[in-house]
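**Student:** just need the structure, nothing else, for what follows:
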Amino acid sequence: MHHVPEELIDTTWRAVGASTAEQVLRIHKTHRKAQRPLTLFVYRNFVDFREDAAGVGIYVYHVILEAFSRALPRPRCVRRAQIERVFGHQHQSEGFDPERSIERSPEPHALRYAYEALTEDIDDVVLSELEREHIFGVLHAVIRSLHDACERE
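**Tutor:** Residues are numbered from 1 along each chain as shown. Reported below is the predicted structural model:
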């Protein structure tokens, strides 16, 4: 069962996109506090990319996290070991096949949003194939980890 319906993804990215800089900063602070290990994982994985490419990945991450924070049940804090396990397993078992990943995902709407956001030119930022693949892989692991964190009792 997925926790983030398509309508929630749609309303969330629209709301975040319409937010003021001050509101976005508040969202980032809230996310850093609620999901510190997950946020550190994301930022560490984007640090070596061009600033604008990393910015796209970070923006999409915060939209996804905001959507999960609006869904029920809300995810518990994702532990570092959990995200690393998911990310490591994902890299061993899958290549870059976004459509297959979306079909098999427990959160297909969130993963489709991530992929579509990475393939569109956001603010004239064009991601290289390497950037797109890596950011998608990180976001895929984030979505899977958040889904699992919603399932935990």
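
**Student:** hmm, which helix or strand of this structure has the shakiest average pLDDT?
**Tutor:** helix 80-93 (a mean of 83; mean pLDDT, DSSP states H and E).

**Student:** can you list phi and psi of residue 125 for me?
**Tutor:** phi -100, psi 120 (degrees, to the nearest 10).

**Student:** list the helices and strands the least confident helix or strand of the chain packs on?
**Tutor:** helix 36-46, helix 129-151 (3 or more C-beta pairs under 8 Å, 6 or more residues apart in numbering; DSSP states H and E). Where C-beta positions appear, they are placed from N, C-alpha and C, glycine not excepted.

**Student:** quick one, which of those helices gets closest to residue 53.
**Tutor:** helix 129-151 (4.6 Å; C-beta to C-beta).

**Student:** what is the closest one packed up against?
**Tutor:** Taking 3+ C-beta pairs under 8 Å, 6+ apart as the contact cut, helix 129-151 packs with helix 36-46, helix 51-70, helix 80-93, helix 98-104, helix 108-119.
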